[in-house]
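Got a predicted model here, sequence first, then my questions.
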Amino acid sequence: MEKRGILAVGLMLALLVIYQTFFLPQAPPPPSEKPAAPPPSTPAPVRSPAPVSPAPAEPVRLPQTIATVGAPLYRGSVSSEGAKLQEWTLRYRGEKPLVILGELGPTGWIVALRGAPAGPPLAMSISPESLTLETATSAGELTLSGSTAGLRVTGKLMLRADSYALGWRIRVENPGAAPAAITVALPWRSREAWPEKSDKFHGQHPTEVVWATSSGHVDRHEDLSAVRDVPADGHWIAMGSSLYLTALVPRSGGFQIAAAADPKPPKGESGKVADGHVTIEVRATPTIAPGQAWEGEILTYLGPKEYERLRALGLEGTINFGGFPVPRKYGGLPMEWLGVPILLLLQWVYHYVGNYGFAIILLTIVSKALFYPLTVKSMRSMKAMQALAPQVNALRNKYKNDPQRLQRETMDLYRKYKVNPMGGCLPMIAQVPIFYALYLALSVSVEMQNAGFICFGRLFGVDLWICDLADKDPTYILPILMGITMFIQQKMTPTAGDPRQAKMMLVMPFVFTFMFLSLPSGLVLYWTVSNILQILQQYYMDRPKRQSAGREVKDVSRV
């Protein structure tokens, strides 16, 4: 009985719990603290709540991958961050870096919606991760792919073993349902100023920005801090020094060129303005229809300013031959028409002799031979002036207080003896453009770099003797030899007029020696050989005078 009673009580308690849990109504929620809004006067239609768009998820940024490339002419590494060149070194007469990370080089492809901030380079995947072009005729390419702002981007970097030019091809697809207005750019940046003392070779430091307008006219800014007013429509834009070049050349329509110097930052604690940067770039701003794609192609030249290579790409205008008698920006005559033939002749001679030093010597001999008739005429005129010098000095003393009478009497004297006072100058003036063009050809010839003339090696870190025609003579033997030959030439040259002027002319060899101490050895070699040839010509022309003097001595001895 007790067990049944306990069981009955337990069942009753279980039924009570089940009834309260599942059958009794739940208590209403507590009223809100805010007063309820009054009921509307007219029934409002019931609207379903608007769907809330989820916040756009941050795109997953692909990790950076570095692909290495190698060829007989260069080696480098390419980042998957916009195909940016992390490192690029020319194998040209030694190892010459053209990219310094953070200071000089491309920033990588930038693809963004038009009007939006440019942002970092486009993160992409890259393959293969290693590419080696072993033979001189081989070619290869790197493939890149990525996405940004709902757009699919693919690209190719095309390389050739026998060329310093890189081909860039980019394709942007719009899979969306609305048109996409985008900006595609490939910038290249450089510091405005470089330290004077650097362990890097001089050619890697850009000193000017050059571009070709849509009409084909080549213009340049030789001061990087003053880069501005670059027209948007142009064939190419480049940045470089006198020997090396980086050029961006659009190969498809829709691209524009641009260049700009960074705004000057405020002065630091030391009171100096920090160094800024200069950027050149090619840029396109297409609008891609839904389901369509846009493609663009750019060529980049990273290499030496070899005339034939540049002419094959239409970039020969980047070589600055200067102007005559003043720089071209001040209205000087362009010197390409004279400098280019001399440069090609120099390279043609080198092809047969195999030494640029001997090629310079042969070219100097040829130029002297061509102008020998003019030199003879000049020397004869100067000798005639020298013979009349005593009479001219007598006229100066006689009419020193009457300049007009002195000028008339002097001209009458010249006409009487049929002497042209300008005869000694005009033939020499005719040679000046040729000599100046030869000077320019030697100064812009990148082939001179690391090209030896008479090189015995190195001793205690110093070249013995001339192991780089593009650099100064480390022993200073050649500039001193140039000064000595110039002094001998001045002593042998006939002088007319005031003897004090002749003494002043003897100071010029010392001035020129000081100037030539830091000039490239190729230029000093040319000037030295020219002086030696001038001495030989003068000695040959003075032979009749020496023979006549010898006969007079013999006649006196007989008496």
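Right, received. Where do you want to start? Worth saying up front: this structure is predicted, and the values here are computed from it rather than measured.

CA only for contacts and neighbour counts going forward, please
Noted.

what does stretch 315-328 contact?
Stretch 315-328 is contacted from outside by 210-211, 218, 238, 242, 305, 307-308, 310, 331-336, 339, 433, 437, 440-441, 444, using Cα atoms under 8 Å, 6 or more residues apart in numbering.

let's see 7 Å
Residues outside stretch 315-328 that contact it (Cα atoms under 7 Å, 6 or more residues apart in numbering): 210, 218, 305, 307, 310, 332, 333, 334, 335, 336, 339, 440.

residue contacts, the fifth one?
Same thing as residue 310. Here residue 310 is in contact with residue 316 (Cα under 7 Å, 6+ apart).

what helix or strand does it sit in?
In this assignment (DSSP states H and E), residue 310 forms part of helix 307-312.

what about that helix, distance to the chain center?
Mean-position distance between helix 307-312 and its chain equals 15 Å (Cα atoms, centre = their mean, to the nearest Å).

Now that helix - C-alpha only, PDB.
Extracted in PDB, the C-alpha atoms of helix 307-312 (Å, rounded to 0.1, in the frame of the first residue of the first chain):
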ATOM      1  CA  TYR A 307      72.300  53.900 -81.000                       C
ATOM      2  CA  GLU A 308      71.400  50.900 -83.200                       C
ATOM      3  CA  ARG A 309      69.300  49.300 -80.500                       C
ATOM      4  CA  LEU A 310      67.400  52.500 -79.800                       C
ATOM      5  CA  ARG A 311      66.800  53.300 -83.400                       C
ATOM      6  CA  ALA A 312      65.200  49.800 -83.900                       C
END
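
all numbers from here: first residue = 2
Let's use 2 as the start, then, which means that last one is helix 308-313.

residues of that helix that come out buried?
Neighbour-count burial for helix 308-313 flags 308, 310, 311 (criterion: 16 or more other Cα atoms under 10 Å).

Out of the residues you listed, which is nearest to residue 474?
Nearest to residue 474 among these: residue 308, at 25.7 Å, using Cα to Cα.

For that closest one, give me its contacts.
residue 317.

Mark out where each domain of this protein begins and ends.
67-265+276-321, 344-547 (automatic domain parsing).

picking that back up, and the buried ones among the contacts of stretch 316-329, selectable in ChimeraX?
To isolate in ChimeraX the members of the contacts of stretch 316-329 that are buried, counting by 16+ other Cα under 10 Å, one can use:
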select :211,219,306,308,311,335,336,337,340,441
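
and the two most separated of the contacts of stretch 316-329?
311 and 333 (23.9 Å).

residue ranges with poor pLDDT in the chain?
Residue ranges of the chain with pLDDT under 70: 2-63, 197-205, 265-276, 423-429, 431, 495-503, 544-560.

Need the phi and psi values for the closest residue to residue 105 other than its chain neighbours.
Leaving out its chain neighbours, the residue that sits closest to residue 105 by Cα to Cα, 6 or more residues apart in numbering is residue 191, at 4.4 Å. Main-chain dihedrals, residue 191, degrees, to the nearest 10: phi -150, psi 150.

Go ahead and flag the most central residue of this protein.
In the chain, the residue lying closest to the centroid (Cα atoms, centre = their mean) is residue 241, at 0.6 Å.

May I have the residues that are in contact with the nearest residue to residue 152 once chain neighbours are set aside?
In this structure, residue 152 finds its nearest non-sequential neighbour in residue 175, 5.2 Å apart by Cα to Cα, 6+ apart. By Cα under 7 Å, 6+ apart, residue 175 lies in contact with 152, 153, 181, 289, 290, 291, 292, 293, 294.

Neighbour-wise, give me the winner out of those residues.
residue 181 (22 neighbours; other Cα atoms under 10 Å).

Check whether it really touches residue 287, as I assumed.
No. If you go by Cα atoms under 7 Å, residue 181 and residue 287 don't touch, sitting 8.4 Å apart.

now the nearest residue to residue 542 once chain neighbours are set aside: how far from residue 121?
Residue nearest to residue 542 in three dimensions, not counting chain neighbours: residue 377, with 7.8 Å by Cα to Cα, 6+ apart. Using Cα to Cα, to the nearest Å, we find residue 377 at a distance of 68 Å from residue 121.

Among the contacts of stretch 316-329, pick out the one closest to residue 253, please.
residue 311 (19.3 Å).

ok so, going back, the helix or strand where the residue nearest to residue 542 lies: how far from the chain's middle?
Secondary structure assigned from DSSP H and E places residue 377 in helix 373-399. Remark: helix 373-399 is offset 49 Å from the chain centroid, using Cα atoms, centre = their mean.

helices or strands next to the helix or strand following that helix in the packing?
Going down the chain from helix 373-399, the next helix or strand is helix 404-417, by DSSP H and E. Contact analysis of helix 404-417 by 3 or more Cα pairs under 7 Å, 6 or more residues apart in numbering; DSSP states H and E lists helix 373-399 as its packing neighbours.

Show me what the helix it packs on is packed against.
So helix 373-399, by 3+ Cα pairs under 7 Å, 6+ apart, packs with helix 404-417, helix 427-445.

Repeat the analysis, applying 10 Å as the threshold.
helix 357-371, helix 404-417, helix 427-445, helix 522-542 (3 or more Cα pairs under 10 Å, 6 or more residues apart in numbering; DSSP states H and E).

Please identify the most buried of these.
helix 522-542 (a mean of 20; mean count of other Cα atoms under 10 Å).

quick one: that one to helix 373-399, angle?
70 degrees (axes from the mean of the first three to the mean of the last three Cα atoms, to 10 degrees).

that older thread, what about the residue nearest to residue 105, how many residues close to it?
25.

Then residue 73?
17.

Report the contact partners of it.
Contact analysis of residue 73 by Cα atoms under 10 Å, 6 or more residues apart in numbering lists 91, 92, 93, 133, 134, 135, 136, 137, 161, 162, 163, 164.

Distance of the closest residue in space to residue 466 that isn't next to it in sequence relative to residue 520?
Excluding its sequence neighbours, the residue lying closest to residue 466 (Cα to Cα, 6+ apart) is residue 456, at 5.0 Å. Residue 456 sits 18 Å away from residue 520, going by Cα to Cα.

neighbour count winner among these two?
Between residue 456 and residue 520, counting by other Cα under 10 Å, residue 520 is the more crowded of the two (17 against 13).

now the strands for the stretch 152-301 of the chain?
Assigned by DSSP state E, counting those that start in this stretch, the stretch 152-301 of the chain shows strands spanning 152-161, 166-174, 181-192, 209-214, 219-222, 235-241, 245-251, 256-262, 278-285, 288-289, 294-305.

Need those in JSON lines (columns: distance to residue 112).
What follows is those, written out as JSON lines (distance: least, Cα to Cα, whole Å):
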{"stretch": "strand 152-161", "distance to residue 112": "9"}
{"stretch": "strand 166-174", "distance to residue 112": "9"}
{"stretch": "strand 181-192", "distance to residue 112": "5"}
{"stretch": "strand 209-214", "distance to residue 112": "24"}
{"stretch": "strand 219-222", "distance to residue 112": "28"}
{"stretch": "strand 235-241", "distance to residue 112": "20"}
{"stretch": "strand 245-251", "distance to residue 112": "17"}
{"stretch": "strand 256-262", "distance to residue 112": "14"}
{"stretch": "strand 278-285", "distance to residue 112": "10"}
{"stretch": "strand 288-289", "distance to residue 112": "13"}
{"stretch": "strand 294-305", "distance to residue 112": "12"}
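
The ones you listed: which one's closest to residue 364?
Closest among the strands of the stretch 152-301 of the chain, using Cα to Cα: strand 294-305, at 23.0 Å.

And the contacts of stretch 223-230?
Residues contacting stretch 223-230 (Cα under 10 Å, 6+ apart): 191-194, 207-211, 221-222, 240-242, 259-265, 276-281.

list the contacts for residue 95?
Residue 95 neighbours (Cα under 10 Å, 6+ apart): 450, 451.

Quick check: residue 222 vs residue 251, distance?
Counting by Cα to Cα - residue 222 and residue 251 are separated by 20 Å.

Nice, that's everything, thank you.
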